[in-house]
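Peer 1: Have a look at this fold, sequence not included:
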């Protein structure tokens, strides 16, 4: 691949990660990192998900996920139950407190995007979303 194209892609990645604050140690003015919030997202959207499924979905290292789950459990954000289908598996759920915290972070994330796009025309936003979907389709088609 042309090195100029690679440089352009890397430049865009740096630009976008700065815009949405992905390099911040804690995301959305919380005490949680991006991977921790992504794990909460997975648990919220798939109640009863197992650690193995999260590893598969996010491509996380088993030990790293274990540390994340311990932190979330320490903060009483998740609950664990033994799977009725496989006694070796643990199903993960957000606790009531975890659901409240997740909803707060989800709202903050949506507000962040609204703030970033404030001042852009509806047409520009629709063009951006169309281009984002095109990029997703290209990358998923490989």
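Peer 2: Structure received. This is a predicted model, so every value here is computed, not measured.

Peer 1: Can you name every helix or strand that the longest helix seen in the chain contacts?
Peer 2: The residue-count maximum for a helix in the chain (DSSP state H) belongs to helix 96-117. Counting contacts by 3 or more C-beta pairs under 8 Å, 6 or more residues apart in numbering; DSSP states H and E, helix 96-117 is packed against helix 34-45. C-beta: built from backbone N, CA, C; applies to glycine.

Peer 1: Need the contact partners of the helix or strand in which residue 9 is found.
Peer 2: Using DSSP states H and E, residue 9 maps to helix 3-19. Residues from elsewhere that reach helix 3-19, judged by C-beta atoms under 8 Å, 6 or more residues apart in numbering: 22-23, 116.

Peer 1: and the residues you listed, which are buried?
Peer 2: Among the contacts of helix 3-19, not one is classed as buried by 16 or more other C-beta atoms under 10 Å.

Peer 1: quick check, nearest of those residues to residue 40?
Peer 2: residue 22 (16.2 Å; C-beta to C-beta).

Peer 1: what's the longest helix of the chain in contact with?
Peer 2: 19-21, 27-30, 32, 37, 40-41, 43-44, 72, 75-79, 94, 125.

Peer 1: relative to helix 34-45, how tilted is it?
Peer 2: Between helix 96-117 and helix 34-45, the angle comes out at 120 degrees (axes from the mean of the first three to the mean of the last three C-alpha atoms, to 10 degrees).
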